[in-house]
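Engineer: I would like to see how this sequence folds:
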Amino acid sequence: MSDAHDHEPQSFISKYIFSYDHKMIGKQYLILAMLMAVVAGLLAMLIRLQLGWPGTQWPILGTLMPVGMASGVMTPEFYISLFTMHGTIMVFFVLSLAPVSGFGNLLILQTAQIRQYFVVPGVVGALQRGVQGVVVEIEFVEILQPRQ
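Structural biologist: Have a look, this model is predicted:
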């Protein structure tokens, strides 16, 4: 067996933080989207807390957020800013980041590896040469029979 695919051992930082591997980048996007969904969920909990018990004093929240919940009661301005932050995080970090960037890097680029197993006509030469950073156009293709 060839040693062509053996790689040097990498540190945690270079493997998981500054990675060039599309699968790791896809996982990073999905983890970020999940973390931001938790943040947006916490903001939604604060919004529902105000809707469920308007005008109620929450002393613990008053100490955590002294400007927005002065004396433990949520101000209208803080409620509006919570709603805006929740919507912005959900749209830009969860609803658009996870499906497009996360699953795009994790799954769609793996379909380019199908040429290792099947004959796929119609792939532009840039993909066959392995040139990185080139937009690849793929025509409608039929997967024929496995390579011998």
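Engineer: Would you tell me what the next helix or strand after the helix or strand harbouring Ala37 is?
Structural biologist: Here Ala37 sits within helix 22-52, counting by DSSP states H and E. Next in sequence after helix 22-52, counting helices and strands by DSSP H and E, comes helix 59-64.
Engineer: Give the buried residues for that following helix.
Structural biologist: Neighbour-count burial for helix 59-64, with 16 or more other Cβ atoms under 10 Å as criterion, is recorded at 61-62. C-beta coordinates here come from the backbone N, C-alpha and C atoms, glycine included.
Engineer: Next: stretch 91-107.
Structural biologist: Residues of stretch 91-107 classed as buried: 93-94, 97-98, 101-102, 105-106 (neighbour count, 16+ other Cβ under 10 Å).
Engineer: how about the residue nearest to Met90 when sequence neighbours are not counted, what does it touch?
Structural biologist: Leaving aside its chain neighbours, Met90 sits nearest to Ala40 (4.9 Å; criterion: Cβ to Cβ, 6 or more residues apart in numbering). Residues near Ala40 by Cβ atoms under 8 Å, 6 or more residues apart in numbering: 86, 89-90, 93-94.
Engineer: what does Met65 give?
Structural biologist: With Cβ under 8 Å, 6+ apart as the criterion, the residues that contact Met65 are Phe78.
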